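Chemist: Sequence first, then the predicted structure:
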Amino acid sequence: MTAPPSVDTPRTGPPAPAPDGAPPGGPDRPWRGQRALLGHLRPQRWRMAAGVALGLVGSVMGLAQPLAAKRVMDDMGRGAPAAGPVLVLSLLVVAGAALAGLGYYVLQWSAESLVCTARSRLTDRLLRLRVSVVEGSEPGDLISRVTSDTTLLRQTAPQAVSAAVTGTLVTAATVVMMGLLDAVLLGVTLAVVAFVGVVVAVVAPRIGRATHGTQEAVGRIGAALERVLGAFRTVKASGAERHEAAALLREAERARRTGIRAAAWEAVSATTSAVVVQVSFLVVLGVGGARVASGATDVSTLVAFLLYLFALAPRIGQLVEGVGQVQMGAAAAVRIAQAEELETEEQEDDETENETEDVTRAPLSVSFDRVSFAYRPGLPRVHHQVSFSVPARGLTAFVGPSGAGKTTLFSLIERFYEQDSGRVLLGGEDVRQWPLARLRASIGYVEQDVPVLAGTLRDNLTLGTPDPGAGELARVLRLARLDLLADRLPDGLDTDVGHRGSRLSGGERQRVAIARALLRRPGLLLLDEATSQLDAANEAALRDTITDTARHTTVLVVAHRLSTVTTADRIVVMEAGRVRAVGTHAELLERDALYRGLASTQLLGP
Ligand SMILES: Nc1ncnc2c1ncn2[C@@H]1O[C@H](COP(=O)(O)OP(=O)(O)OP(=O)(O)O)[C@@H](O)[C@H]1O
């Protein structure tokens, strides 16, 4: 074996995830949430503006209705024909209601579009996350960011926008009218109302923090549920339902507490604004009365001013509520932004989407050249200067004690992780030079754990090979000894196999995974303990299939049961992250004590 020259490469892996597995970042960067919220709103700004404008016109028509009604009554009182005013009033009623309804619809429509964009962007990113990032995160928490946080965003965005636009416009117009009536009284009013601004400035961040806390707790509920439902039988068999339910309840309680805290702060700001408006009314009454007495203004101006002040009150309430909605939306936007900041795999596969068309079906050689690797900085190394070469075609087996680093070899070939130093070569080319999509499309991989997804048998087989053709499907079903199963199932290939294939036996799940990998006609087939759960007859049959496949493809297998690999072209013995020996079964029995030990414990002689 000639080892290719070594090139030490710096570690380019992702940064370590946050210690609790949560996406990095926090709500504390100033205005981060508001900026993120604006980022979500921006693409919908015109549609939202249209919705708000329609609503505004509808409200103005509503305001004009009393005047039109007055006109109808006046005309009727005078005995004049009232058909015209009645028509105008009817138009105002119908058009006002229709426009207000249309405005609401357009606003909600834009909110749905906004949240759909957020969800698709987030799911797209989540599917492109690095394996290490997902393994360091809580899937349930990530899911809650796509579901619960985007829903909160959807609920708060229209109210926030409508409150900001309508509240600001109407407040500004009212203030102008008040200023025209009596500038001194306006000054007095603004001085009192400014207090609301101070309260809101103090309270708003607290609403944001409490909402963030609630959403964090909801995320942890998702994570705890995922943990329980992901190992449901184990939880039940261990009688751990109560214990796990208690953990869920603790998080639900935490969500309740932070939710109540947010509600309390909202109540504080709403009550303050209501009280301040009342106080401003009394102050204006007092100061205005004094001004009337001194002749600085007249009674009708004071009355008109007070009427405007009454009209202003709900607008101030709307603005205060809008600020609360913005804080809630911002809390959701921060959590969405945190998930969007998680490190994804390189974007190259977007740019070269048709690279997958160019899949390598020809057998691929594999070489490890002095590869060293640790899963994370600070963790012990799993591989120490691992070197071996496997030619294109043929069956190569990796054996060795548990934890020796066999599965990790496959993770480095698939580039789920990147080595700290040394090179991994596929078809003579560094795997880092391969476009990622093409690299993975050229490999068939059967992983050690639960390699079946929810859905039908057909969905599972065609994952990654969408239209294989009936003949090809029948071929792999036969090769993986699944043809009888497919005939037996009630809906054949369209039978639902349950969550993680729970309606299949362990051996059937393994055969499904093998069939799926074979369907790709890969240049390299990686099988990690792929036949460990098969009965003797099926295992023998699958062994023949694998041996046959290895005639035209490179096949690497990890096996604990040596009986499955004694006929391999070469066997690589690994121990504690190092390659100990390479040879055939017979050679290793003679040369390697560890292998001999493994063989004798498994009752395999020379
Ligand atoms: N995602 C991970 N993060 C951190 N450490 C890991 C990770 N996966 C595996 N390890 C560690 O790396 C070492 C090698 O694991 P690996 O799965 O490659 O061993 P293996 O030889 O395939 O073992 P087995 O035969 O039991 O499957 C083990 O000590 C394991 O604890």
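Modeler: Alright, I've got the coordinates.
Chemist: Is Gly179 in a helix, a strand, or coil?
Modeler: Using DSSP: H, G, I helix; E, B strand; the rest coil, the structure places Gly179 in helix.
Chemist: nearest residue to it other than its sequence neighbours?
Modeler: Nearest in space to Gly179, with sequence neighbours left out and distances taken as CB to CB, 6 or more residues apart in numbering, is Leu186 at 4.7 Å. No exception for glycine: its C-beta is placed from N, CA and C like everyone else's.
Chemist: Which SSE is immediately downstream of the one helix or strand that neighbour maps to?
Modeler: Secondary structure assignment for Leu186, by DSSP states H and E: helix 183-230. Moving toward the C-terminus from helix 183-230, the next helix or strand (DSSP H and E) is helix 232-237.
Chemist: Which residue ranges of the chain form strands?
Modeler: 366-373, 383-390, 394-399, 421-426, 429-430, 443-446, 524-528, 554-558, 570-575, 578-583 (DSSP state E).
Chemist: would you turn those into CSV with distance to Ala540 and mean neighbour count?
Modeler: Converted to CSV, the strands of the chain look like this (distance: least, CB to CB, whole Å; neighbours: other CB atoms under 10 Å):
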stretch, distance to Ala540, mean neighbour count
strand 366-373, 27, 22
strand 383-390, 24, 20
strand 394-399, 15, 23
strand 421-426, 30, 20
strand 429-430, 36, 14
strand 443-446, 18, 24
strand 524-528, 15, 25
strand 554-558, 15, 25
strand 570-575, 19, 22
strand 578-583, 24, 18
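Chemist: any chance of the ones you listed in JSON lines, with mean pLDDT and distance to Asp491 too?
Modeler: Formatted as JSON lines, those follow (pLDDT from 0 to 100; distance: least, CB to CB, whole Å):
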{"stretch": "strand 366-373", "mean pLDDT": "97", "distance to Asp491": "40"}
{"stretch": "strand 383-390", "mean pLDDT": "96", "distance to Asp491": "41"}
{"stretch": "strand 394-399", "mean pLDDT": "95", "distance to Asp491": "36"}
{"stretch": "strand 421-426", "mean pLDDT": "96", "distance to Asp491": "39"}
{"stretch": "strand 429-430", "mean pLDDT": "96", "distance to Asp491": "44"}
{"stretch": "strand 443-446", "mean pLDDT": "93", "distance to Asp491": "25"}
{"stretch": "strand 524-528", "mean pLDDT": "95", "distance to Asp491": "29"}
{"stretch": "strand 554-558", "mean pLDDT": "95", "distance to Asp491": "32"}
{"stretch": "strand 570-575", "mean pLDDT": "96", "distance to Asp491": "42"}
{"stretch": "strand 578-583", "mean pLDDT": "96", "distance to Asp491": "47"}
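Chemist: which stretch among those comes nearest Leu107?
Modeler: Each of the strands of the chain has some distance to Leu107 by CB to CB; the shortest is strand 443-446, at 47.7 Å.
Chemist: and the longest helix seen in the chain, what does it pack onto?
Modeler: Criterion DSSP state H: the longest helix present in the chain is helix 241-294. On a contact count with 3 or more CB pairs under 8 Å, 6 or more residues apart in numbering; DSSP states H and E, helix 241-294 meets helix 183-230, helix 299-340.
Chemist: could you dump the strands of the chain to TSV with distance to Lys406?
Modeler: TSV is the format used below for the strands of the chain (distance: least, CB to CB, whole Å):
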stretch	distance to Lys406
strand 366-373	12
strand 383-390	10
strand 394-399	4
strand 421-426	15
strand 429-430	22
strand 443-446	14
strand 524-528	8
strand 554-558	4
strand 570-575	6
strand 578-583	11
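Chemist: thinking again about what came up before, could you identify which of the helices and strands packed on helix 241-294 is most buried?
Modeler: Among the helices and strands packed on helix 241-294, helix 299-340 has the highest mean neighbour count (mean count of other CB atoms under 10 Å), at a mean of 21.
Chemist: and of the helices and strands packed on helix 241-294, who's closest to Glu472?
Modeler: Per CB to CB, nearest to Glu472 of the helices and strands packed on helix 241-294: helix 183-230, 32.8 Å.
Chemist: and the angle from that closest one to helix 241-294?
Modeler: Using axes from the mean of the first three to the mean of the last three CA atoms, to 10 degrees, the inter-axis angle of helix 183-230 relative to helix 241-294 is 170 degrees.
Chemist: Show me what helix 183-230 is packed against.
Modeler: helix 139-144, helix 168-181, helix 241-294, helix 299-340.
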